[in-house]
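> could you work out the structure for the sequence below:
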Amino acid sequence: MKISMEKEPSPKATSMIPTWKIIIDEYQTELEKDFKIKMTRLMMDRQEYGYEKHGVNLTPNNGRNNIVDAIQEGLDLMVYIRNNMRVSNDSLLSDAYQASIVAVELLLLYKIKQETI
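Predicted structure coming up:
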């Protein structure tokens, strides 16, 4: 199983609500601090970037395997954080690194479970 190298097709448009909108709406219900406003802006910028790149919003049933995408992106996240840890000794980076490993492990377990059902 070479999940890290599987090529996914370009996403196709669907009539479903864009997933970024759902995430941003859920996140904004908890807005309390300036940090969350900044985080929401990052989410909105990422949604715009994805739309400009692919011409469609990210939704389920768009022709891509979202778990494979998440595993691939999670693996990239792990290496980006670890690169920063090599030059910075901040405990926040260590926590983020550990969380990224756990996220990828859980996604891989989910994918394996789905393949055996």
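> distance-wise, check the spatially most central residue of the chain relative to Thr19.
Central residue of the chain (C-alpha atoms, centre = their mean): Ala70, 5.5 Å from the mean position. Shown here: Ala70 relative to Thr19, a distance of 12 Å by C-beta to C-beta, to the nearest Å. Quick note: C-beta positions are derived from backbone N, CA and C, even for glycine.
> likewise Val87?
Distance, Val87 to Thr19, using C-beta to C-beta: 34 Å.
> what's the answer for Glu8, then?
16 Å.
> and Lys7, which of the three is it?
Of the three states, Lys7 takes coil under DSSP: H, G, I helix; E, B strand; the rest coil.
> nearest residue to Ile101 other than its sequence neighbours?
The spatially closest residue to Ile101, leaving aside those adjacent along the chain, is Met78, at 6.2 Å (C-beta to C-beta, 6 or more residues apart in numbering).
> so what would you say the end-to-end distance of stretch 55-62 is?
In stretch 55-62, first residue to last residue: 12 Å (C-alpha to C-alpha, to the nearest Å).
> mind listing residues that contact it?
11-14, 16-21, 47, 50-51, 66 (C-beta atoms under 8 Å, 6 or more residues apart in numbering).
> list just the nearest of those residues to Asn83.
Closest to Asn83 out of those is Gly50 (23.5 Å), distances taken as C-beta to C-beta.
> go through the longest helix along the chain and flag the buried ones.
Ordering each helix of the chain by length in residues (DSSP state H) puts helix 91-116 first. Neighbour counts over helix 91-116 (16 or more other C-beta atoms under 10 Å) mark 93, 96-97, 100-101, 103-104, 107-108, 111 as buried.
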